[in-house]
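Fold the stuff below for me.
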Amino acid sequence: MDRVSPFGGGLRGRIIHNLAFNSYLQYMLTNNHYNTNLKHFASELRTESSSRAERHLWKSIKAKKLGVGFKRQRPILNFIVDFFAQEIGLIIEIDGSSHLTKGEYDRYRQEKLEKAGYSILRFSEGDVFRSTSQVLMQIEHAIISLTGETR
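Below is the predicted model:
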């Protein structure tokens, strides 16, 4: 039996065989909904378009400094998230001034990611610069909550 893929990217609207559909579905589920169709765009964001706030926060969370590993600009579902801790399903988003007009889209995006089982923390660029220690405490609290560990 053939079916139309519900997934975005290269499979959107194409008729695919059950075997291909099931393989793709299994890949998405075992790889945290990693969307290979967005890989090039994520790479470009990491190398050319990172905001100052993202680079500032990255210095504090990279290399498992908070006990879990984070990836930058990770393609998940049909979105690219700023930071992703795969082992605990935590997404961190940094909202710049462009997000002031994207409220509805941000809510839609967050709802889709949460329905897929991810926890999301959202900070403004201003908070990252003015209150870095508070931002890091909130991230640490989320890590503790999601891992069940105490520090």
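
Now Arg74: which helix or strand?
Using DSSP states H and E, Arg74 falls within strand 71-76.

Extract the C-alpha trace of the lengthiest helix in the chain and format it as PDB.
Of all the elements of type helix in the chain, the one with the most residues (DSSP state H) is helix 132-147. Extracted C-alpha coordinates of helix 132-147, given in PDB (Å, rounded to 0.1, in the frame of the first residue of the first chain):
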ATOM      1  CA  THR A 132      23.700  35.300  32.000                       C
ATOM      2  CA  SER A 133      24.000  33.700  35.400                       C
ATOM      3  CA  GLN A 134      20.200  33.700  35.800                       C
ATOM      4  CA  VAL A 135      19.800  32.100  32.300                       C
ATOM      5  CA  LEU A 136      22.400  29.400  33.200                       C
ATOM      6  CA  MET A 137      20.600  28.700  36.500                       C
ATOM      7  CA  GLN A 138      17.300  28.200  34.700                       C
ATOM      8  CA  ILE A 139      19.100  25.800  32.200                       C
ATOM      9  CA  GLU A 140      20.700  23.900  35.100                       C
ATOM     10  CA  HIS A 141      17.300  23.700  36.800                       C
ATOM     11  CA  ALA A 142      15.700  22.200  33.600                       C
ATOM     12  CA  ILE A 143      18.600  19.800  33.300                       C
ATOM     13  CA  ILE A 144      18.100  18.600  36.900                       C
ATOM     14  CA  SER A 145      14.400  18.300  36.400                       C
ATOM     15  CA  LEU A 146      14.800  16.300  33.200                       C
ATOM     16  CA  THR A 147      17.500  14.000  34.400                       C
END
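
which residues touch it?
For helix 132-147, contacts defined as CB atoms under 8 Å, 6 or more residues apart in numbering pick out 56-57, 60-61, 66-68, 85, 88-90, 92, 119, 121, 123, 127-128, 149-151. Where C-beta positions appear, they are placed from N, C-alpha and C, glycine not excepted.

follow-up on the earlier one: I'd like to know which elements the strand holding Arg74 is packed against.
For strand 71-76, the packing partners by 3 or more CB pairs under 8 Å, 6 or more residues apart in numbering; DSSP states H and E come out as helix 39-48, strand 79-85.

mean pLDDT for the ones you listed: which is lowest?
Set side by side, the helices and strands packed on strand 71-76 give their lowest mean pLDDT on helix 39-48, at a mean of 64.
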